[in-house]
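Asks: based on what follows, work out the 3D shape:
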Amino acid sequence: MNNRTAVRSTALGYPRIGSNRELKRALEAHWSGRLDAAGLERAGAAVRAEMLGDLSVLDSVPTGVFSYYDHVLDTAFAVDAVAPRHRRDDELASYFAAARGDAAAAPLEMTKWFDTNYHYLVPEIGPSTAFAARPGKAVAEFLEARERGLDARPVLVGPVSFLLLAKPADGAPEGFRPLDRIGDLVEVYAEILTALGRAGAGLIQLDEPALAADRTPEELAAVAAAYRRLVGTAEILVAGGYGPFGESLPVLLEAGVEGIALDLVRGRADLDALEALDVSRETFVVAGVVDGRNIWRTDLAAAARDVERVRALTDRVGVASSSSLLHVPVDLAAETDLAPELAARLAFARQKLAEIAALADPDGPRDARPAAPDAWRDASVRSRLAGLGADADRRAPYAERRAAQAERVPLPPLPTTTIGSFPQTAELRQARAAHRQGLMIDADYRARMRAEVAAVIAEQERLGLDVLVHGEPERNDMVQYFAEQLTGFATTAAGWVQSYGSRCVRPPILFGDVARTAPMTVPWTSYAQSLTAKPVKGMLTGPVTILAWSFVRDDQPLADTADQVALALRDEVADLEAAGTAIIQVDEPALRELLPVRAAGRAAYRAWATRAFRIATAGVRPDTAIHTHLCYSEFGEVIDAIAALDADVTSIEASRSKMEVLADLDGAAYRSAVGPGVWDIHSPRVPDAAEMAAALRLAVAALGPDRVWANPDCGLKTRRYEEVLPALAGLVEAARLVRAEAA
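Replies: Model prediction:
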């Protein structure tokens, strides 16, 4: 680089759980009553201090990106858009009532944050929502960074995205949209920005990720009006982070925003568009060239070329992550067991900060990323895929399958089941850890897990469930369990990423060609089936979800990688069927997650994603039932894809959204059976039988009793048996009541 223009380094956000998940442990201790509010605040302050320490290598540091649960929920509290049912005398209690629910109220709906595995809480906005400025958190965290001598930049979810991500509150009139309230909300934002300015803030970042999606002329008019009002209250940097701004880019610039942060990993078209616009040389343009959502090292040479293109346009240049680094683990240095040739190609959050700083330094390194070794490719996998016939993803017609399955496994109307996992107790986690560390021999470990399976089967028999599961005590995670047994994957020791609240996952690293070398689930399922005359479901994770919840190689199309995973699962499905398993559930909770943000890429995605699922499942006989499960997504956007999976039964999260999915199903080509969840397992609240029966009645009214199953929203691993057993008893009772009514 030349010295014509200095480049400032920054990041759009940062992991907020702590390098050792300190916040997770503090939250769960608080919720259990073992840690008071003051103790939780001390833990939060320690995590924020670590975040600021890491970020201090940058020229500009984002603040306000810490959260006790979710940044969208934080924004709702900052503008006082709190649902009446969640208001408590104590603000922290109100906050967690909205996040998790309590004995008095159900929580906010939770859904996926664009095309990621992060879940946000959906604000409820109505015509009478009384917005008010509450800038305390934003100001306090800004000052906290300033006191450390850092050039701090407050970050807030932008007003347009906040309303586009919200849903109408109960009682809102038909046709009302939260975006209708943009004028009122922007006035409150102006107050918050002014308060931050009085505290000493210069540049303020407003995140508008919803502008990475296709936007209507009416929505673009709202963008223009909002930012014309806000310009002048503060110096504003608008960040996207999940694709190109597209048609929103000229609107923002014409409104006069002082800065724009571009996602140049998934939205490089914006750079071409920017070059065609008359951009003021005073506009601060941040080049997001370091991938905030995957863990592969940046090709610094290529990234530097993009930064140079930006420097040709403006005298104020920044280099940053493409999105918040919320989506990647904290530190690669903790991973001492990864193969050296793999570790050499990786960068976690701390390493990405170093890459950003290097790109801002005119004398920093500009090396290209090492190429993937040839050893990561498997000719036999590629040959087998190339030889798949055109009918490899086709099954017999649904009507034929339904009759054959009913004859093989007779079930009552509204059959009851669970999604798969049962509570993962501390004792189970300790046993798995001891086995992994070599402190428990294989025979003792198998005996401990088999004892848990036997207990789970006995409990389900006692409760009266119709279709049972083995409970998955042997599984640490629904993706990692399979990654540990397939070629082409590596797993981490401490690569934790926040999924929602205190829930953290360790995404595997999918770096090479994928194959199955031995059965992965058959012994556990067969053992469970030997303990009962009732059917026990085989439980697998689908190919799209394995990709979505892993860090996936970027040297070939996702569709090719999905087919490799699907072929490995196809072998497992065949072995389960050969062992006598009559019902096999292949979960695809991430089907919506990978849907491209913009419509232009969606048809191609739906085609390869659904084909991968069918490759995995289409090899079974007509009398073997294929189930699938989806959760916490906007299902209306993928309803045709759900139908194209061609599963016999689809269980779907529905309780937080109050059965909204039924309207989507009613208008779609989906004709198979459905299990709309009637119990929100992500809340500690236990609904009674009457509440679950009311939800089942809605499903029966929409779909008919012959197409409805009764089940929870999701797996039960995160819940305690004290919650699970009464809730399942209520589920069985609810199904009995509605079954009798339907008869």
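
Asks: what about the nearest residue to Val279 once chain neighbours are set aside, distance to Val285?
Replies: Counting by Cβ to Cβ, 6 or more residues apart in numbering, Val279 lies nearest to Leu313, which is 5.3 Å off, once chain neighbours are set aside. From N, CA and C alone the C-beta is placed, and that goes for glycine too. According to Cβ to Cβ, to the nearest Å, Leu313 stands 6 Å off from Val285.

Asks: shared neighbours, these two?
Replies: Here Leu313 and Val285 have Leu274, Val279 as joint contacts, going by Cβ atoms under 8 Å, 6 or more residues apart in numbering.

Asks: quick one: which of the two has more around it?
Replies: Neighbours of Leu313 and Val285, each counted by other Cβ atoms under 10 Å, are more numerous for Val285; the result is 25 against 18.

Asks: hang on, the more buried one packs against Asp315?
Replies: No: judged on Cβ atoms under 8 Å, Val285 makes no contact with Asp315 at a distance of 9.8 Å.

Asks: what residues of the one helix or strand in the chain whose mean pLDDT sits lowest count as buried?
Replies: Taking mean pLDDT, DSSP states H and E as the measure, the chain has helix 661-666 as its least confident helix or strand, at a mean of 70. Going by neighbour count (16 or more other Cβ atoms under 10 Å), the buried part of helix 661-666 is Val661, Leu662, Asp664, Leu665.

Asks: what's the most distant pair in these?
Replies: Leu662 and Asp664 (7.2 Å; Cβ to Cβ).

Asks: would you point out which residue is most central in this protein?
Replies: The centre of the chain sits closest to Asn117, judged by Cα atoms, centre = their mean, with a distance of 1.7 Å.

Asks: for Leu338, what are its contacts?
Replies: Leu338 neighbours (Cβ under 8 Å, 6+ apart): Leu346, Ala490, Thr492, Ile509.

Asks: among those residues, which lie within strands?
Replies: Ala490, Ile509 (DSSP state E).

Asks: ok, so of the contacts of Leu338, who is nearest Gln556?
Replies: Of the contacts of Leu338, the one sitting nearest to Gln556 (Cβ to Cβ) turns out to be Ile509, at 15.0 Å.

Asks: neighbours of Asp54, how many?
Replies: With other Cβ under 10 Å as criterion, Asp54 counts 20.

Asks: now do the strands in the stretch 451-600 of the chain.
Replies: 489-490, 497-500, 503-505, 509-510, 538-541, 551-552, 583-587 (DSSP state E, counting those that start in this stretch).

Asks: helices or strands up against the first one?
Replies: Put plainly, it is strand 489-490. strand 509-510 (3 or more Cβ pairs under 8 Å, 6 or more residues apart in numbering; DSSP states H and E).

Asks: same check, this time on the last one
Replies: In this structure, strand 583-587 makes packing contacts with strand 538-541, helix 558-578, helix 602-617, strand 625-630, judged by 3+ Cβ pairs under 8 Å, 6+ apart.

Asks: go again with 6 Å.
Replies: strand 538-541, strand 625-630 (3 or more Cβ pairs under 6 Å, 6 or more residues apart in numbering; DSSP states H and E).

Asks: I'd say Gly495 and Pro508 touch.
Replies: No: using Cβ atoms under 6 Å, Gly495 is not in contact with Pro508, being 8.7 Å away.
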